[in-house]
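**Student:** Just need the structure, nothing else, for what follows:
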Amino acid sequence: MLLRVATNLHENMRRAGVDPPPIGVIAYSLDIIANTVSITAATLAIGLMSGNLSGMMTCLGALAALRFVSGGVHLPTSAACIALSTAIITTIPYLPLSPGVNQTITAAAFIIVAVRATTNYDKHARIPRKYYPLMRIVACVIVASNFVIASDILALTYIVQAVTLLPFLKEVKTR
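**Tutor:** Presented below is the predicted three-dimensional model:
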């Protein structure tokens, strides 16, 4: 279905006198938008029904921000991405931690991010490599903020994202 929409967009751009990007690029962009909208809509719906919208939105925002600057592996299909992301985002707010565990998880996430941030970034983004060190610093600052905030939601969100940076996880065939 996305391929059909991408083809139509491509043809409409061409008819309008615009030099369109390849159909594959348009389809990939639509896939990213559909994933983001689906995960956000599902999280909003579950958050509203469960009464924990703020916790889930905190998790969603933190995950998106850290993932943007740190990279990580991708799942093989959009459906898997939507299902797993939604499950993680809507579960994390219900997992309490003791202060010591919170700090330990935050420290583990910080170490992983400091060593592995921008993993697989070159496969999914068009940001020049010269900015990768800056992105790693920003990722570290994001995670380190939880040493002050001490949020259980942030600690768990950051460690989940950090795990996607580990070398034993292989990039599965991209969408």
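
**Student:** Okay, buried residues for the helix or strand of the chain with the lowest mean pLDDT please.
**Tutor:** Scoring the helices and strands of the chain by mean pLDDT, DSSP states H and E places helix 121-124 at the bottom, with a mean of 76. Judged by neighbour count (16 or more other C-beta atoms under 10 Å), helix 121-124 contains these buried residues: 121, 124. C-beta here means a position set from N, CA and C on the backbone, and glycine is covered the same way.

**Student:** ok, now stretch 111-128?
**Tutor:** 112, 113, 116, 117, 118, 119, 120, 121, 124, 127.

**Student:** Mark which of the residues you listed are part of strands, please.
**Tutor:** In strands, judged by DSSP state E, none of the buried residues of stretch 111-128 are found.

**Student:** and residue 6, how far is that from residue 36?
**Tutor:** Using C-beta to C-beta, to the nearest Å, residue 6 is found at 17 Å from residue 36.

**Student:** What of residue 112?
**Tutor:** Residue 112 is 24 Å from residue 36, by C-beta to C-beta.

**Student:** okay, residue 125: pLDDT?
**Tutor:** Residue 125 carries a pLDDT value of 75.

**Student:** which residues touch it?
**Tutor:** Neighbouring residues of residue 125 by C-beta atoms under 8 Å, 6 or more residues apart in numbering: residue 71.

**Student:** Now for the buried residues of stretch 111-128: which two are most distant?
**Tutor:** 112 and 127 (20.5 Å; C-beta to C-beta).

**Student:** In the protein, where is pLDDT below threshold?
**Tutor:** 169-175 (pLDDT under 70).

**Student:** Spell out the residue ranges of the helices in it.
**Tutor:** 2-15, 23-50, 53-70, 78-91, 99-116, 121-124, 132-149, 152-163 (DSSP state H).

**Student:** hey, which of those helices is tucked in deepest?
**Tutor:** By mean neighbour count, with neighbours taken as mean count of other C-beta atoms under 10 Å, helix 152-163 ranks first of these at a mean of 24.

**Student:** Output the contacting helices and strands for that helix.
**Tutor:** For helix 152-163, the packing partners by 3 or more C-beta pairs under 8 Å, 6 or more residues apart in numbering; DSSP states H and E come out as helix 53-70, helix 99-116, helix 132-149.
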